[in-house]
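J.: fold the stuff below for me.
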Amino acid sequence: MKAQSPNSIKVLSGKSHPALANSICDILGIKVSRIMIKRSVNEESVISVGETMRDDDVYIVQTGCGEFEVNDHLMELLMMIRACKSASARKVTVVIPNFPYARQDRKDKSRACITAKLMANLLQTAGADHVITMDLHASQIQGFFTIPVDNLYGEPSVIAYIKENIPYKESIIISPDAGGAKRAASLADKLDLKFALIHKERQKANEVSRMVLVGDVKDKVCIIVDDMADTCGTLAKASDTLLSHGAKKVLAIVTHGILSGNAISNINNSSLDSVVCTNTVPFDSLMDQCPKLKKIDISPTLAEAIRRLHNGESVSYLFTHSAIV
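T.: Residues are numbered from 1 along each chain as shown. Sure, this is the predicted structure:
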(Lines give C-alpha, C1' and ligand atoms only; values in the text may rest on other atoms or scores of the structure.)
Protein backbone atom coordinates (compact mmCIF):
# COMPACT_ATOMS: atom_id res chain seq x y z
CA MET A 1 0.00 0.00 0.00
CA LYS A 2 1.92 3.06 -1.23
CA ALA A 3 0.71 6.61 -0.91
CA GLN A 4 1.21 8.46 -4.17
CA SER A 5 0.10 12.01 -4.92
CA PRO A 6 1.52 15.21 -6.41
CA ASN A 7 1.83 16.44 -2.82
CA SER A 8 4.02 14.37 -0.54
CA ILE A 9 2.56 12.83 2.59
CA LYS A 10 3.99 13.35 6.09
CA VAL A 11 2.92 11.49 9.23
CA LEU A 12 3.80 12.95 12.62
CA SER A 13 3.40 11.24 15.97
CA GLY A 14 2.78 12.70 19.39
CA LYS A 15 3.80 10.92 22.57
CA SER A 16 0.45 9.25 23.21
CA HIS A 17 0.80 6.27 20.85
CA PRO A 18 4.05 6.20 18.81
CA ALA A 19 3.71 2.44 18.16
CA LEU A 20 0.46 3.02 16.27
CA ALA A 21 2.02 5.79 14.16
CA ASN A 22 4.99 3.54 13.32
CA SER A 23 2.65 0.71 12.31
CA ILE A 24 0.62 3.07 10.09
CA CYS A 25 3.78 4.32 8.40
CA ASP A 26 5.07 0.77 7.86
CA ILE A 27 1.85 -0.04 5.99
CA LEU A 28 2.05 3.18 3.94
CA GLY A 29 5.71 2.52 3.14
CA ILE A 30 6.99 5.79 4.62
CA LYS A 31 8.83 6.88 7.75
CA VAL A 32 7.43 8.89 10.64
CA SER A 33 8.50 12.50 10.16
CA ARG A 34 10.94 14.00 12.62
CA ILE A 35 9.58 16.17 15.41
CA MET A 36 11.04 17.36 18.71
CA ILE A 37 8.75 17.29 21.75
CA LYS A 38 10.29 18.14 25.10
CA ARG A 39 9.57 19.89 28.38
CA SER A 40 11.33 23.03 29.53
CA VAL A 41 12.41 23.52 33.15
CA ASN A 42 9.12 25.24 34.00
CA GLU A 43 7.14 22.25 32.60
CA GLU A 44 6.03 24.03 29.42
CA SER A 45 5.99 21.90 26.27
CA VAL A 46 8.38 22.84 23.46
CA ILE A 47 7.64 21.49 19.97
CA SER A 48 9.42 21.95 16.65
CA VAL A 49 9.14 20.00 13.38
CA GLY A 50 12.44 18.55 12.18
CA GLU A 51 11.85 18.63 8.40
CA THR A 52 10.13 20.68 5.74
CA MET A 53 6.33 20.61 5.61
CA ARG A 54 5.82 23.18 2.86
CA ASP A 55 2.88 22.25 0.60
CA ASP A 56 2.71 18.75 2.12
CA ASP A 57 -0.31 16.79 3.36
CA VAL A 58 0.35 16.25 7.05
CA TYR A 59 -1.31 13.62 9.24
CA ILE A 60 -0.81 13.90 13.00
CA VAL A 61 -1.44 10.74 15.04
CA GLN A 62 -2.38 11.47 18.65
CA THR A 63 -4.92 9.49 20.65
CA GLY A 64 -6.73 10.36 23.86
CA CYS A 65 -5.48 8.20 26.71
CA GLY A 66 -3.87 8.14 30.12
CA GLU A 67 -5.29 8.89 33.56
CA PHE A 68 -3.25 12.08 33.88
CA GLU A 69 -1.58 12.52 30.48
CA VAL A 70 -4.69 13.14 28.35
CA ASN A 71 -4.53 16.92 28.79
CA ASP A 72 -0.78 16.99 28.06
CA HIS A 73 -1.40 14.96 24.90
CA LEU A 74 -4.15 17.37 23.87
CA MET A 75 -1.84 20.38 24.31
CA GLU A 76 0.85 18.57 22.32
CA LEU A 77 -1.62 17.96 19.50
CA LEU A 78 -2.71 21.60 19.35
CA MET A 79 0.90 22.77 19.27
CA MET A 80 1.81 20.24 16.56
CA ILE A 81 -1.09 21.44 14.40
CA ARG A 82 0.00 25.03 14.82
CA ALA A 83 3.65 24.19 14.09
CA CYS A 84 2.66 22.46 10.83
CA LYS A 85 0.44 25.34 9.75
CA SER A 86 3.28 27.78 10.49
CA ALA A 87 5.55 25.57 8.37
CA SER A 88 3.18 26.12 5.37
CA ALA A 89 1.68 22.62 5.30
CA ARG A 90 -0.95 22.36 2.58
CA LYS A 91 -3.41 20.44 4.74
CA VAL A 92 -3.30 19.18 8.34
CA THR A 93 -5.39 16.13 9.25
CA VAL A 94 -5.51 14.99 12.87
CA VAL A 95 -5.86 11.24 13.45
CA ILE A 96 -7.42 10.80 16.91
CA PRO A 97 -8.44 7.12 17.19
CA ASN A 98 -9.89 7.65 20.68
CA PHE A 99 -11.49 11.09 20.80
CA PRO A 100 -10.86 12.58 24.28
CA TYR A 101 -13.81 13.92 26.29
CA ALA A 102 -16.26 12.21 23.92
CA ARG A 103 -18.48 11.25 26.86
CA GLN A 104 -18.95 14.91 27.75
CA ASP A 105 -21.09 15.56 24.68
CA ARG A 106 -24.12 17.15 26.34
CA LYS A 107 -25.16 19.20 29.34
CA ASP A 108 -26.44 16.41 31.57
CA LYS A 109 -26.51 18.54 34.71
CA SER A 110 -26.65 22.25 35.44
CA ARG A 111 -23.49 24.31 35.01
CA ALA A 112 -21.69 21.45 33.23
CA CYS A 113 -19.24 21.99 30.38
CA ILE A 114 -19.92 20.35 27.00
CA THR A 115 -16.24 19.53 26.67
CA ALA A 116 -16.54 17.61 23.39
CA LYS A 117 -17.70 20.86 21.75
CA LEU A 118 -14.77 22.69 23.35
CA MET A 119 -12.45 20.05 21.87
CA ALA A 120 -13.86 20.73 18.41
CA ASN A 121 -13.34 24.48 18.83
CA LEU A 122 -9.75 24.02 20.01
CA LEU A 123 -8.79 21.74 17.11
CA GLN A 124 -10.29 24.09 14.53
CA THR A 125 -8.75 27.19 16.10
CA ALA A 126 -5.33 25.50 16.10
CA GLY A 127 -5.72 24.99 12.34
CA ALA A 128 -6.87 21.39 11.77
CA ASP A 129 -8.40 20.91 8.30
CA HIS A 130 -9.77 17.38 8.78
CA VAL A 131 -10.34 14.90 11.61
CA ILE A 132 -10.14 11.10 11.50
CA THR A 133 -11.45 9.27 14.55
CA MET A 134 -12.99 5.89 15.39
CA ASP A 135 -16.23 4.80 17.08
CA LEU A 136 -17.16 8.14 18.63
CA HIS A 137 -19.04 7.63 21.88
CA ALA A 138 -21.72 9.95 20.47
CA SER A 139 -21.71 10.21 16.68
CA GLN A 140 -23.39 13.64 16.81
CA ILE A 141 -20.04 15.06 17.97
CA GLN A 142 -19.27 15.29 14.24
CA GLY A 143 -21.80 18.13 14.16
CA PHE A 144 -19.67 20.17 16.60
CA PHE A 145 -17.15 20.70 13.79
CA THR A 146 -17.30 22.90 10.70
CA ILE A 147 -14.48 20.87 9.09
CA PRO A 148 -14.86 17.30 7.70
CA VAL A 149 -14.86 14.51 10.28
CA ASP A 150 -14.48 10.84 9.29
CA ASN A 151 -15.78 8.62 12.08
CA LEU A 152 -14.44 5.17 11.19
CA TYR A 153 -15.97 2.00 12.62
CA GLY A 154 -14.19 -0.78 14.45
CA GLU A 155 -17.01 -3.17 13.47
CA PRO A 156 -15.38 -4.64 10.31
CA SER A 157 -12.22 -5.50 12.27
CA VAL A 158 -14.31 -6.94 15.12
CA ILE A 159 -16.27 -9.13 12.68
CA ALA A 160 -13.04 -10.42 11.16
CA TYR A 161 -11.70 -11.22 14.65
CA ILE A 162 -14.88 -13.06 15.68
CA LYS A 163 -14.92 -15.17 12.52
CA GLU A 164 -11.27 -16.13 12.95
CA ASN A 165 -11.12 -16.72 16.71
CA ILE A 166 -14.57 -17.56 18.12
CA PRO A 167 -17.03 -20.39 17.35
CA TYR A 168 -19.55 -17.69 16.53
CA LYS A 169 -22.33 -19.93 15.18
CA GLU A 170 -23.09 -20.88 18.80
CA SER A 171 -22.68 -17.31 20.06
CA ILE A 172 -24.98 -14.44 20.94
CA ILE A 173 -24.14 -10.72 20.85
CA ILE A 174 -24.75 -8.82 24.09
CA SER A 175 -25.18 -5.07 24.56
CA PRO A 176 -24.17 -4.07 28.12
CA ASP A 177 -26.68 -1.18 28.13
CA ALA A 178 -29.57 0.28 26.15
CA GLY A 179 -27.30 2.88 24.53
CA GLY A 180 -25.28 0.16 22.79
CA ALA A 181 -28.30 -1.74 21.44
CA LYS A 182 -27.91 -0.31 17.93
CA ARG A 183 -24.24 -1.35 17.82
CA ALA A 184 -25.02 -4.87 19.03
CA ALA A 185 -27.96 -5.28 16.64
CA SER A 186 -25.81 -4.19 13.67
CA LEU A 187 -23.06 -6.66 14.57
CA ALA A 188 -25.58 -9.46 15.17
CA ASP A 189 -27.23 -8.84 11.78
CA LYS A 190 -23.90 -9.02 9.93
CA LEU A 191 -22.99 -12.28 11.70
CA ASP A 192 -26.54 -13.67 11.43
CA LEU A 193 -26.77 -14.06 15.22
CA LYS A 194 -29.30 -13.18 17.90
CA PHE A 195 -28.59 -10.45 20.40
CA ALA A 196 -29.60 -9.72 23.99
CA LEU A 197 -29.59 -6.61 26.12
CA ILE A 198 -28.57 -5.88 29.69
CA HIS A 199 -30.40 -3.07 31.45
CA LYS A 200 -28.20 -1.51 34.12
CA GLU A 201 -29.05 0.90 36.89
CA ARG A 202 -26.31 3.19 38.19
CA GLN A 203 -26.05 4.76 41.62
CA LYS A 204 -23.24 7.02 40.38
CA ALA A 205 -20.74 7.24 37.49
CA ASN A 206 -18.70 4.05 36.90
CA GLU A 207 -20.72 2.16 39.55
CA VAL A 208 -23.56 -0.17 38.56
CA SER A 209 -26.04 -1.21 41.26
CA ARG A 210 -28.25 -3.73 39.42
CA MET A 211 -28.42 -5.55 36.07
CA VAL A 212 -31.40 -7.13 34.33
CA LEU A 213 -30.98 -9.42 31.30
CA VAL A 214 -33.43 -9.14 28.40
CA GLY A 215 -33.03 -12.24 26.20
CA ASP A 216 -32.08 -15.92 26.37
CA VAL A 217 -28.37 -16.81 26.68
CA LYS A 218 -28.60 -20.40 27.93
CA ASP A 219 -25.77 -22.59 26.57
CA LYS A 220 -24.48 -19.72 24.42
CA VAL A 221 -21.06 -18.11 24.06
CA CYS A 222 -21.81 -14.51 24.99
CA ILE A 223 -19.91 -11.74 23.18
CA ILE A 224 -20.34 -8.40 24.96
CA VAL A 225 -19.66 -5.51 22.56
CA ASP A 226 -19.11 -1.91 23.62
CA ASP A 227 -17.31 1.20 22.41
CA MET A 228 -15.03 1.54 25.44
CA ALA A 229 -13.87 -0.23 28.58
CA ASP A 230 -12.88 2.16 31.37
CA THR A 231 -12.77 0.62 34.87
CA CYS A 232 -14.36 -2.60 33.50
CA GLY A 233 -16.72 -2.87 36.47
CA THR A 234 -19.71 -3.03 34.11
CA LEU A 235 -18.14 -5.82 32.04
CA ALA A 236 -17.35 -7.88 35.16
CA LYS A 237 -20.90 -7.56 36.52
CA ALA A 238 -22.40 -8.26 33.09
CA SER A 239 -20.36 -11.47 32.86
CA ASP A 240 -21.65 -12.66 36.25
CA THR A 241 -25.23 -11.85 35.20
CA LEU A 242 -24.90 -13.78 31.94
CA LEU A 243 -23.31 -16.85 33.55
CA SER A 244 -26.04 -16.88 36.21
CA HIS A 245 -28.54 -17.16 33.35
CA GLY A 246 -26.85 -20.24 31.88
CA ALA A 247 -24.28 -18.80 29.47
CA LYS A 248 -21.50 -21.20 28.46
CA LYS A 249 -18.77 -18.53 28.61
CA VAL A 250 -18.47 -14.76 28.29
CA LEU A 251 -15.97 -12.56 26.49
CA ALA A 252 -15.96 -8.84 25.76
CA ILE A 253 -14.88 -6.95 22.64
CA VAL A 254 -14.46 -3.18 22.91
CA THR A 255 -13.02 -0.54 20.60
CA HIS A 256 -11.28 1.67 23.15
CA GLY A 257 -9.48 -0.14 25.97
CA ILE A 258 -8.99 2.84 28.27
CA LEU A 259 -8.42 0.49 31.26
CA SER A 260 -8.13 3.13 33.96
CA GLY A 261 -8.24 2.85 37.74
CA ASN A 262 -8.53 -0.75 38.97
CA ALA A 263 -9.53 -2.11 35.53
CA ILE A 264 -6.82 -4.79 35.43
CA SER A 265 -7.79 -6.09 38.86
CA ASN A 266 -11.46 -6.11 37.85
CA ILE A 267 -10.70 -8.15 34.71
CA ASN A 268 -8.39 -10.62 36.45
CA ASN A 269 -10.91 -11.23 39.23
CA SER A 270 -13.90 -11.45 36.88
CA SER A 271 -15.56 -14.44 35.25
CA LEU A 272 -14.75 -13.04 31.79
CA ASP A 273 -12.94 -15.45 29.51
CA SER A 274 -11.16 -12.60 27.70
CA VAL A 275 -11.34 -8.87 26.98
CA VAL A 276 -10.44 -7.95 23.41
CA CYS A 277 -9.57 -4.32 22.64
CA THR A 278 -8.41 -2.56 19.51
CA ASN A 279 -5.17 -0.62 19.80
CA THR A 280 -6.75 2.85 19.50
CA VAL A 281 -5.26 3.23 23.00
CA PRO A 282 -1.89 1.67 23.92
CA PHE A 283 -2.18 -1.15 26.47
CA ASP A 284 0.65 -3.54 25.54
CA SER A 285 2.38 -2.85 28.88
CA LEU A 286 -0.71 -4.17 30.71
CA MET A 287 -0.95 -7.48 28.84
CA ASP A 288 1.72 -9.10 31.04
CA GLN A 289 -0.35 -8.20 34.13
CA CYS A 290 -3.58 -9.45 32.58
CA PRO A 291 -3.44 -12.61 30.41
CA LYS A 292 -7.13 -12.16 29.57
CA LEU A 293 -6.34 -9.06 27.48
CA LYS A 294 -6.15 -9.53 23.70
CA LYS A 295 -5.59 -7.03 20.88
CA ILE A 296 -7.09 -6.21 17.50
CA ASP A 297 -4.76 -4.12 15.33
CA ILE A 298 -6.62 -1.25 13.62
CA SER A 299 -3.55 0.38 12.08
CA PRO A 300 -4.43 -1.10 8.62
CA THR A 301 -7.82 0.67 8.76
CA LEU A 302 -6.26 4.01 9.74
CA ALA A 303 -3.49 3.64 7.13
CA GLU A 304 -6.03 2.89 4.40
CA ALA A 305 -8.12 5.89 5.48
CA ILE A 306 -5.04 8.11 5.21
CA ARG A 307 -4.14 6.67 1.81
CA ARG A 308 -7.66 7.16 0.47
CA LEU A 309 -7.91 10.73 1.76
CA HIS A 310 -4.50 11.61 0.40
CA ASN A 311 -5.39 10.26 -3.05
CA GLY A 312 -8.88 11.75 -3.12
CA GLU A 313 -10.69 8.41 -2.88
CA SER A 314 -13.85 7.53 -0.95
CA VAL A 315 -13.47 6.51 2.69
CA SER A 316 -16.97 5.01 2.97
CA TYR A 317 -15.63 1.60 1.87
CA LEU A 318 -14.01 1.29 5.30
CA PHE A 319 -17.38 1.64 7.05
CA THR A 320 -18.24 -1.93 6.01
CA HIS A 321 -14.91 -3.57 5.12
CA SER A 322 -11.73 -4.17 7.10
CA ALA A 323 -8.55 -3.01 5.38
CA ILE A 324 -6.30 -5.62 3.78
CA VAL A 325 -2.55 -5.08 4.15
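J.: Y101 contacts G64, doesn't it?
T.: Yes - contact criterion Cβ atoms under 8 Å: Y101 and G64 qualify, at 7.4 Å. For every residue, glycine as well, the C-beta is placed using N, CA and C.
J.: checking I253 next. Helix, strand or coil?
T.: The three-state assignment at I253 reads strand, by DSSP: H, G, I helix; E, B strand; the rest coil.
J.: enumerate every residue touching it.
T.: 158, 161-162, 223-226, 276-277, 296 (Cβ atoms under 8 Å, 6 or more residues apart in numbering).
J.: now intersect those residues with the strands, please.
T.: Of the contacts of I253, the ones assigned to strands by DSSP state E are 223-226, 276-277, 296.
J.: make TSV out of those and add neighbour count and distance to F283.
T.: Formatted as TSV, the ones in strands among the contacts of I253 follow (neighbours: other Cβ atoms under 10 Å; distance: Cβ to Cβ, whole Å):
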residue	neighbour count	distance to F283
I223	25	20
I224	25	18
V225	24	18
D226	23	15
V276	22	11
C277	24	6
I296	21	12
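J.: could those residues go into a markdown table alongside distance to L259 and pLDDT?
T.: What follows is these, written out as a markdown table (distance: Cβ to Cβ, whole Å; pLDDT from 0 to 100):
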| residue | distance to L259 | pLDDT |
| --- | --- | --- |
| I223 | 19 | 97 |
| I224 | 15 | 97 |
| V225 | 17 | 97 |
| D226 | 13 | 95 |
| V276 | 12 | 98 |
| C277 | 8 | 97 |
| I296 | 15 | 97 |
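J.: need the max-distance pair from the residues you listed.
T.: Within these, two members stand farthest from each other by Cβ to Cβ: I224 and I296, at 14.8 Å.
J.: leaving out the residues flanking it, which one is nearest to G64?
T.: In this structure, G64 finds its nearest non-sequential neighbour in P100, 2.9 Å apart by Cβ to Cβ, 6 or more residues apart in numbering.
J.: so who does that neighbour touch?
T.: Per Cβ under 8 Å, 6+ apart, neighbours of P100: 64, 70, 73-74, 119.
J.: quick one on the thing from earlier: from the ones in strands among the contacts of I253, pick the one nearest D135.
T.: Using Cβ to Cβ, the ones in strands among the contacts of I253 come closest to D135 at D226, 9.6 Å.
J.: identify the bridge partners of the closest one.
T.: D226 has these beta-bridge partners by DSSP bridges: V254.
J.: list the contacts for it?
T.: 175-176, 180, 183, 234-235, 252-255.
J.: any idea how far it is from F195?
T.: For D226, the distance to F195 equals 13 Å [Cβ to Cβ, to the nearest Å].
J.: name the residues contacting each of the two.
T.: S175.
J.: ok so V94 is a helix residue?
T.: No - according to three-state DSSP, V94 belongs to no helix; its state is strand.
J.: count of residues packed around it?
T.: 27 (other Cβ atoms under 10 Å).
J.: ok, it touching L78?
T.: No - using Cβ under 8 Å, V94 is not in contact with L78; the gap is 9.5 Å.
J.: which neighbours do the two share?
T.: Taking Cβ under 8 Å, 6+ apart as the criterion, V94 and L78 both touch L123.
J.: by contact count, what packs against the biggest helix by length in the chain?
T.: Secondary structure assigned by DSSP state H gives helix 70-86 as the longest helix of the chain. Helices and strands touching helix 70-86, by 3 or more Cβ pairs under 8 Å, 6 or more residues apart in numbering; DSSP states H and E, are strand 35-39, strand 45-49, strand 57-61, strand 91-96, helix 115-126.
J.: just say which of the ones you listed is most tucked in.
T.: strand 57-61 (a mean of 27; mean count of other Cβ atoms under 10 Å).
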